[in-house]
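Asks: my questions are about this predicted structure, shown below with the sequence.
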Amino acid sequence: MTHKIAILGASGYTGAELVRLIATHPSMEIVALSGDRKAGMAMAEVFPHLRHLDLPNLVKIEEIDFSGVDLAFCALPHATSQSVISQLPTTLKIVDLSADFRLRDPAAYEKWYGKPHSALEMQKEAVYGLTEFYREEIKQARLVAGTGCNAATGQYALSPLVEAGVIDLDEILIDLKAAVSGAGRSLKENLLHAELSEGYHAYAAGGTHRHLGEFDQEFSKLAGRPVQVQFTPHLIPANRGILATVYVRGDAAVVHQTLANKYEGETFIEVLPMGQLPSTKHIRGSNFVHIGVITDRIEGRVIVVAALDNLTKGSSGQALQNANLMLGEPEETGLMLAPVFP
Ligand SMILES: NC(=O)C1=CN([C@@H]2O[C@H](COP(=O)(O)OP(=O)(O)OC[C@H]3O[C@@H](n4cnc5c(N)ncnc54)[C@H](OP(=O)(O)O)[C@@H]3O)[C@@H](O)[C@H]2O)C=CC1
Ligand SMILES: CC(=O)N[C@@H](CCC(=O)OP(=O)(O)O)C(=O)O
């Protein structure tokens, strides 16, 4: 059976990545692609690297006939996403990549996104898209909310440890490095080559990054009590990839074993041998997550390092993995691409 797919926001980075991944998917066919400013253009004009594919032109969302669509990926900005999705047919399966449906508590949404949610019923219905932790719910879901890419990286390193109670929940520090494509294909001064290259800076420091809403929600749920982590992201002059260095208190062997046990049998999550550390170079362009554990020289302190590609496992790859589950396909389909190296 071939599933008919629409990608809303196909003229953005995650939209283009979805097209790249779905292009070799044996049971998905892209029937509609939307753009906003780029509506009316051919995908090959917007993304010459996709020139070899036979794709529909970009159109405005309102021009799409959703009656012939089985599943829509929604790769639109926050807030736009909720207003668009609330107008779509209620029978349509949707994987949303924005932040609009990640937080279950409306007050938390308002706190981190600065305004009330406008589609509260749908917010309740949505399943959080961290596949390895919500697989059974995702299989049954109509609407799946893709995670934040930083939030996914931190959770892969920490969630099994929080769940098992093997670390001090009051002293968790996530020091994260994020590549620039995480900011989308937009024109912002701090993303200009001259301002970004050869430099490196922290942003949203002091506990202000909106992905803290996801950390709070998910870690507190796993621990059964409120958990707050320290989290500082840094913008690095790289195109793709996220690396999170996480500092915790615990026993390194127990931490390593807990992660290895949790992810045993998971196709996309590789826990490296004790003492080996990941690199964004080893997961680039792939749906894999690499996690390393190393003991600190100070007794009782452990460092966990996780790396993933923000455009694959951090967004579009995760979205395709979840769509496969929602459509009853093997979840790895279209996702077994080896990382691009060097
Ligand atoms: N980049 C990443 O690594 C990650 C991104 N995300 C989330 O995924 C979503 C997409 O991100 P990304 O691809 O990076 O973003 P981009 O800025 O690269 O793309 C945004 C897309 O949305 C379209 N768009 C913008 N405004 C409107 C509007 N008012 N109506 C209809 N379409 C609109 C744009 O069309 P046009 O260009 O034609 O105007 C474009 O296709 C965002 O919510 C982002 O937060 C989540 C995880 C990781
Ligand atoms: C480099 C960079 O700016 N990265 C983005 C994260 C991208 C992401 O996960 O997107 P959502 O906006 O969907 O949460 C940031 O830290 O804000």
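Replies: Looks like it came in fine. Numbering: from 1, shown residues only. Ligands and ions are numbered 1, 2, ... in the order given.
Asks: what parts of the stretch 1-150 of the chain come near ligand 1?
Replies: Within the stretch 1-150 of the chain, the positions near ligand 1 by CB under 6 Å from any ligand atom are 9-15, 35-38, 61, 75-78, 80, 97-98, 146, 148-149. Yep, even glycine has a C-beta here, placed from its N, CA and C like the rest.
Asks: ok, of these, which come out buried?
Replies: Buried subset of those (neighbour count, 16 or more other CB atoms under 10 Å): 9-15, 35, 38, 61, 75-76, 80, 97-98, 146, 148-149.
Asks: got the contact list for the residue in the stretch 151-300 of the chain that ligand 2 sits nearest to?
Replies: Per CB to the nearest ligand atom, residue 182 is where the stretch 151-300 of the chain lies closest to ligand 2, at 2.9 Å. Residue 182 makes contacts with 149, 150, 242, 310, 314, as judged by CB atoms under 8 Å, 6 or more residues apart in numbering.
Asks: hang on, the earlier thing: list the ones among the residues of the stretch 1-150 of the chain next to ligand 1 that fall in helices.
Replies: 13, 14, 15, 80, 149 (DSSP state H).
Asks: per-residue pLDDT, the residue located most distally from the centre of the chain?
Replies: Distance from the C-alpha centroid of the chain, by CA atoms, centre = their mean, peaks at residue 299 (33.7 Å). Model confidence at residue 299, given as pLDDT, is 96.
Asks: and for the one 4 residues further on?
Replies: At residue 303, the pLDDT value in this model is 98.
Asks: likewise for the one 5 residues further on?
Replies: Note on residue 308: pLDDT of 98.
Asks: got a list of what the spatially closest residue to it that is not a sequence neighbour touches?
Replies: Closest residue to residue 308 apart from its sequence neighbours, by CB to CB, 6 or more residues apart in numbering: residue 289 at 4.5 Å. Neighbouring residues of residue 289 by CB under 8 Å, 6+ apart: 153, 156, 268, 269, 270, 283, 306, 307, 308, 313.
Asks: how about the residues of the stretch 151-300 of the chain near ligand 2?
Replies: 178, 180, 182, 183, 233, 235.
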